[in-house]
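[1] Using only what follows, build the 3D model:
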Amino acid sequence: MSRYFTKTLSALEPYTPGEQLSIENLVKLNANENPYPPAPGVAAAVAAAVPGLRLYSDLTNGELNRAIAAHWGVKPENVLCGNGSDENLLLALRAFCDEETPLAFADITYSFYPVLCDLLHIPQHIIPLEADFTLDLGKYKGLHETIVIANPNAPTSLLAPVDAIEEVLRTNPDNIVIVDETYIEFAPARSTCLPLLEKYDNLVITHTFSKTHNLAGARLGFCLARPELIADMNRVKFSYSPYNVNSLTQAAGTAAIRDEVYFRWVTDKVLATRDDAARQLRQRGFTVLDSATNFLFATTDRMPCREIFEKLRERGILIRHFNAPRIDNWLRITIGTPEQMQRFLAALDGILPPQK
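    This is a model prediction of the structure:
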């Protein structure tokens, strides 16, 4: 870093995303991207928006908000869009945390949470997962702190029950509870906390277009909350980035979320491929956690997982390995197309010959 970098941020450790490599025939299963293209109408919608690029984008995200609201069965005033769900998280933490209001979250979860805390000077209350990586939400009752719960959790892929999250909301009435539902469309029906929105005024739910709506490169996320909470976060947004979602992304998101048929078709394909890949990994002696996401969290005692990761990388197969306490012998494997998963499994068999 330069000598001009502020001393208050000198110890900041930035978020580490999955590798982005440009290799021919690469099988990229390391960033939880959707393996299928966006909905058929997205390209035409983006092209139609090009002439309007001479103007600033709609800073209210009006048409996009209406499309999101229709998809989720809420009102447009319940919606706030951001430049990826990461920005929505930043807006929420800036609005509802400060030096005297810590953020509570799990020790093994989305690693952007502590980065945002360090950036915004927010104290952290880290609560360990159980030995089996489940989330004991009893530990979050009555904390009187802002709380973020990734559900399903990443990278563990596990889902917590809605009624347990409701108890967290009920016992922390004077603090915001953020439920990060990045992967909720891959979970069983009725797994979302959306029905709690009418009952609790301290709930913020964050979502992304990167997973089920196939727009990771467009950078579009949103959150759902009571209008007064949306107003709080908008106040932060208008203080630093009023035009945070560009016109092309707004057009792409609107077209994508309105195509319910394509959304369901893609999601069903990912779920079927996920279940088949989990079965095949277990046949190969892997322990695979029950996934409610578009990825698998797996381990084996046949070879150190770091070594498996490196050998797959040499073969043009990218998965994710975390050099972190408690999970350094686990692998996170994004679900690709059936063909990509077969290439992954074939490469894996070249590293770990099938058991007799």
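[2] I'd like to know how many residues surround the closest residue to P102 other than its chain neighbours.
    Nearest non-adjacent residue to P102, counting by CB to CB, 6 or more residues apart in numbering: P123, 3.9 Å away. Just so you know, the C-beta spots here come from the backbone N, C-alpha and C atoms, and that holds for glycine as well. Close neighbours of P123, defined as other CB atoms under 10 Å, add up to 14.
[3] same check, this time on F105
    F105: 24 neighbours (other CB under 10 Å).
[4] Please apply the same query to P188.
    Considering only other CB under 10 Å, P188 is surrounded by 8 other residues.
[5] part of a helix, is it?
    No - looking at P188 with DSSP: H, G, I helix; E, B strand; the rest coil, it is coil, so not inside a helix.
[6] Look up how far D136 lies from it.
    Noted for P188: a distance of 21 Å to D136, by CB to CB, to the nearest Å.
[7] Let's verify the nearest residue to A255 once chain neighbours are set aside: helix, strand, or coil?
    Distances taken as CB to CB, 6+ apart put A45 closest to A255, at 3.8 Å, once the chain neighbours are dropped. State at A45, reduced to three classes by three-state DSSP: helix.
[8] what sits against A45?
    By CB atoms under 8 Å, 6 or more residues apart in numbering, the contact list for A45 reads 251-252, 254-255.
[9] can you put those residues in a markdown table and add pLDDT?
    Formatted as a markdown table, these follow (pLDDT from 0 to 100):
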| residue | pLDDT |
| --- | --- |
| A251 | 98 |
| A252 | 98 |
| T254 | 98 |
| A255 | 98 |
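[10] can you pull out the helices in the stretch 201-350 of the chain?
    Counting by DSSP state H, counting those that start in this stretch, the segments of the stretch 201-350 of the chain that form helices are 227-240, 247-258, 260-283, 305-314, 338-351.
[11] Quick check: mean pLDDT of the fourth one?
    If I follow you right, that is helix 305-314. Per-residue pLDDT over helix 305-314 has a mean of 97.
[12] other SSEs contacting that helix?
    Secondary structure elements in contact with helix 305-314, counted by 3 or more CB pairs under 8 Å, 6 or more residues apart in numbering; DSSP states H and E, are strand 320-321, strand 331-334, helix 338-351.
[13] now the angle between helix 338-351 and it, please.
    With axes from the mean of the first three to the mean of the last three CA atoms, to 10 degrees defining the directions, helix 305-314 sits at 120 degrees from helix 338-351.
[14] How many neighbouring residues does the residue lying closest to E33 once chain neighbours are set aside have?
    Excluding the flanking residues, the one nearest E33 by CB to CB, 6+ apart is A216, at 4.8 Å. For A216, the neighbour count with other CB under 10 Å is 17.
[15] wait, doesn't Y36 sit right on T273?
    No - assessed by CB atoms under 8 Å, Y36 is found out of contact with T273, at 10.6 Å.
[16] which residues are common contacts for the two?
    Shared contacts of Y36 and T273, defined by CB under 8 Å, 6+ apart, comprise T337.
[17] Settle it for me: which of those two has more neighbours?
    Applying other CB under 10 Å to Y36 and T273 shows that T273 carries more neighbours, namely 20 against 15.
[18] As a markdown table, the contacts of A45 with neighbour count would be great.
    Formatted as a markdown table, the contacts of A45 follow (neighbours: other CB atoms under 10 Å):
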| residue | neighbour count |
| --- | --- |
| A251 | 24 |
| A252 | 27 |
| T254 | 21 |
| A255 | 24 |
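[19] can you give me the strands for this structure?
    When assigned using DSSP state E, the strands of the chain occupy the ranges 27-28, 79-82, 103-106, 124-127, 146-150, 177-180, 203-208, 221-225, 287-288, 295-299, 317-318, 320-321, 331-334.
[20] which residues touch V42?
    If you count contacts by CB under 8 Å, 6+ apart, V42 has them with 215, 252, 255-256.
[21] And those, which is closest to T171?
    Nearest to T171 among the contacts of V42: L215, at 36.2 Å, using CB to CB.
[22] give me every residue that touches the residue minimising distance to the centre of the chain.
    Centroid check for the chain by CA atoms, centre = their mean gives T182 as the closest residue, at 3.7 Å. Neighbour list for T182: 85, 110, 150, 154, 206-208, 210-211 [criterion: CB under 8 Å, 6+ apart].
[23] before we move on, what about S157?
    Contacts of S157 by CB under 8 Å, 6+ apart are 183, 289-293, 295-297.
[24] now it, nearest residue through space, not along the chain?
    Residue nearest to S157 in three dimensions, not counting chain neighbours: S291, with 4.0 Å by CB to CB, 6+ apart.
[25] Okay, now the unreliable bits of the stretch 51-200 of the chain?
    The stretch 51-200 of the chain contains no residues with pLDDT under 70.
[26] how about the helices of it, start to end?
    Along the stretch 51-200 of the chain, the segments classed as helices by DSSP H, counting those that start in this stretch run 62-72, 85-96, 112-120, 162-171.
[27] Which pLDDT value goes with L9?
    You'll see L9 listed with a pLDDT of 79.
[28] how much space is there between it and H121?
    Distance of L9 to H121, given as CB to CB: 9 Å.
[29] E33 too?
    E33 is 32 Å from H121, by CB to CB.
[30] Same check on R279?
    Taking CB to CB, one finds R279 at 46 Å from H121.
[31] Can you get me the centre-to-centre distance for stretch 226-236 and its chain?
    Its chain's C-alpha centre and that of stretch 226-236 lie 21 Å apart, by CA atoms, centre = their mean, to the nearest Å.
[32] try stretch 84-104
    Chain-centre distance of stretch 84-104: 16 Å, with CA atoms, centre = their mean.
[33] No more questions from me, cheers.
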